[in-house]
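Peer 1: Take a look and give me a structure for this.
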Amino acid sequence: MNSTAEKNEYKSGYKKTELGWIPKGWNIAKLENLGSFSKGKGIRKDEVMLNGYPCIRYGEIYKDFNFIVKKTHSFINCESAKNSEKIKRNDILFTGSGEKREEIGKAVAYMNDQEAYAGGDIIIFTPEQNAIGSYFLSYYLNTEGRKYLNKLGQGDSIVHIYQSQIGLINVILPPIQEQEKIVQILTTWDCAIDKTEKLLKTKQIQKKTIMQILLTEKKRFIQFAEQKWRKLTIGDIFAERKETSKDIEKFSLFSLTIAKGLTEKTERYERSFLLKNKEENQYRLVYPNDILYNPMNIRFGAIARSKIDAVVCVSAYYSVMQLTKNDFNIIFFEYLFKSQKLFNLYESVATGSLLEKKRVHLSEFLKLNINCPPPEEQQKIAAVLDGCDKEIELLNKQLEALKEQKKGLMQKLLTGQIRVKQ
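Peer 2: Next up, the predicted model:
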């Protein structure tokens, strides 16, 4: 609160507490005073089945669930169930360990009427009836509560937290009726996020299917049906770009990621880290629309077109290529190089004694045979796939906007900065 008016407004309708200003009529309580704790146990990976008694392993809380569990994905047999810990509707499940401090203490509310079983490294909290709503508590623990939990993780390679520590979390408690109103608002955003995520996944699957059809001649456009594809090597179409530079101030430094393509990395890496020969101080230059790839990770998708409107530099470890045929469509080849058919070819020419050290040398890459459509068909295929990507990009932006809106709402609703109508 920066202004006197804001302070007066809060003092007139709010009260000052150790957690800041909260509405009058709201309370604060330690989690240990709102219910009881127990500990999950057992359930090895090899005990998990496709049907049987429903169960939750702590890794699934990280990967598969967000705030609420309505349906389990794993099951165990009767004998495994006898050796595990039972959970029931309204229980809160915490992750008791993780690789990073920020992962510790992720909580989900179990909201299924069917009893299930919790594996090891899960801490179970059972709220007292009418003390606090499980939906509300899950939202609170994953926002305000996580700020406290992240500070408590103990350990180096594996970080742990214990129920005695979780029990000391202070929880802001609105009246039950107001908790329910807050949950109604937040679940509306959850539904919108869930629908957008499902639509995004559908569009991504559709794109993969279209790529498989169009890039392998399984389906042709009518206007090109009579034109045959030519068998060429990649070296017939591309050549290595060998330009380098020692002027490390002139060009922005970029790195290649599987998820985002060519990405500026000046904040993550010092320039010297990406040098192949630190004494020579050499970087490879990448021009707009060049194709570059990481020889060790191309098999997993580390290949991309430069969409940067300037010449940039990258580590000399990368291989950089330029298109040599002016009438060919570079965007078509960007999609082709990221197709499953080409991934299989990369795997076939990768060399190295260890799986994680295998690499695809540029000399072998340029020898690969590909079937190449006429330039006009390349352009048509590229336009269709680019349209798919634009739909996916739009959905990603919508999804991020919904998540940001929800995040802002949670922070304000759960602390009483915004009140709901009774």
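Peer 1: Contacts only, for Val69.
Peer 2: Going by CB atoms under 8 Å, 6 or more residues apart in numbering, Val69 touches Ile56, Leu93, Val108, Ala109, Tyr110, Met111, Asn112. Any C-beta I mention is one placed from the backbone N, CA and C, and that applies to glycine too.
Peer 1: Contacts made by the helix or strand hosting the fourth one with the rest, please.
Peer 2: According to DSSP states H and E, Ala109 maps onto strand 107-110. Residues outside strand 107-110 that contact it (CB under 8 Å, 6+ apart): 56, 61, 65-69, 87-95, 116, 134-135, 137-138, 141-142, 145.
Peer 1: Drop anything exposed from the contacts of Val69.
Peer 2: Among the contacts of Val69, those buried by neighbour count (16 or more other CB atoms under 10 Å) are Ile56, Leu93, Val108, Ala109, Tyr110, Met111.
Peer 1: Bridged to the second one, which residues?
Peer 2: Just to be clear, that refers to Leu93. Val108, Ile124 (DSSP bridges).
Peer 1: which other helices and strands contact the strand or helix carrying Cys191?
Peer 2: Using DSSP H and E, Cys191 sits within helix 176-214. Applying 3 or more CB pairs under 8 Å, 6 or more residues apart in numbering; DSSP states H and E, one finds that helix 176-214 makes contact with helix 134-141, helix 340-349, helix 375-414.
Peer 1: any low-confidence regions in this structure?
Peer 2: 1-11, 98-103, 152-158, 266-281, 355-356, 422 (pLDDT under 70).
Peer 1: need the helices for it, in chain order.
Peer 2: 4-13, 58-63, 78-82, 134-141, 144-149, 163-166, 176-214, 330-337, 340-349, 362-365, 375-414 (DSSP state H).
Peer 1: winner for burial among the ones you listed?
Peer 2: Between these, helix 134-141 has the highest mean count of neighbours, a mean of 24, where neighbours are mean count of other CB atoms under 10 Å.
Peer 1: Just name whatever secondary elements that helix is in contact with.
Peer 2: Using 3+ CB pairs under 8 Å, 6+ apart, the elements in contact with helix 134-141 are strand 92-95, strand 107-110, strand 170-173, helix 176-214, helix 375-414.
Peer 1: Turn these into JSON lines, including distance to Lys24.
Peer 2: Listed next are those as JSON lines, based on distance: least, CB to CB, whole Å:
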{"stretch": "strand 92-95", "distance to Lys24": "27"}
{"stretch": "strand 107-110", "distance to Lys24": "28"}
{"stretch": "strand 170-173", "distance to Lys24": "13"}
{"stretch": "helix 176-214", "distance to Lys24": "12"}
{"stretch": "helix 375-414", "distance to Lys24": "17"}
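Peer 1: Quick one: closest of the ones you listed to Glu264.
Peer 2: helix 375-414 (18.8 Å; CB to CB).
Peer 1: Which secondary structure elements does the closest one sit against?
Peer 2: Against helix 375-414 (3+ CB pairs under 8 Å, 6+ apart) you get helix 134-141, helix 176-214, helix 330-337.
Peer 1: List the buried residues for stretch 116-133?
Peer 2: 116-127, 132-133.
Peer 1: Could you do stretch 294-311 as well?
Peer 2: Neighbour counts using 16+ other CB under 10 Å place 294-299, 301-306, 308, 311 of stretch 294-311 among the buried residues.
Peer 1: Render the CA-only coordinates of it in PDB, please.
Peer 2: In PDB, the C-alpha atoms belonging to stretch 294-311 read as follows (Å, rounded to 0.1, in the frame of the first residue of the first chain):
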ATOM      1  CA  ASN A 294      23.300 -29.400 -33.300                       C
ATOM      2  CA  PRO A 295      25.100 -32.600 -34.500                       C
ATOM      3  CA  MET A 296      24.600 -34.300 -31.100                       C
ATOM      4  CA  ASN A 297      20.900 -33.500 -30.800                       C
ATOM      5  CA  ILE A 298      19.500 -33.300 -34.300                       C
ATOM      6  CA  ARG A 299      18.000 -36.800 -33.800                       C
ATOM      7  CA  PHE A 300      15.800 -35.300 -31.200                       C
ATOM      8  CA  GLY A 301      14.700 -32.200 -33.100                       C
ATOM      9  CA  ALA A 302      17.600 -29.700 -32.600                       C
ATOM     10  CA  ILE A 303      17.400 -28.300 -36.100                       C
ATOM     11  CA  ALA A 304      15.800 -25.000 -37.100                       C
ATOM     12  CA  ARG A 305      15.600 -22.100 -39.600                       C
ATOM     13  CA  SER A 306      16.900 -18.700 -38.500                       C
ATOM     14  CA  LYS A 307      14.000 -16.400 -38.300                       C
ATOM     15  CA  ILE A 308      16.100 -13.500 -37.000                       C
ATOM     16  CA  ASP A 309      16.200 -10.400 -39.200                       C
ATOM     17  CA  ALA A 310      19.900 -10.000 -38.800                       C
ATOM     18  CA  VAL A 311      23.200 -11.900 -39.000                       C
END
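Peer 1: follow-up on the earlier one: any chance of the contacts of Val69 in JSON lines, with distance to Tyr283 too?
Peer 2: Listed next are the contacts of Val69 as JSON lines, based on distance: CB to CB, whole Å:
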{"residue": "Ile56", "distance to Tyr283": "49"}
{"residue": "Leu93", "distance to Tyr283": "49"}
{"residue": "Val108", "distance to Tyr283": "46"}
{"residue": "Ala109", "distance to Tyr283": "51"}
{"residue": "Tyr110", "distance to Tyr283": "53"}
{"residue": "Met111", "distance to Tyr283": "54"}
{"residue": "Asn112", "distance to Tyr283": "55"}
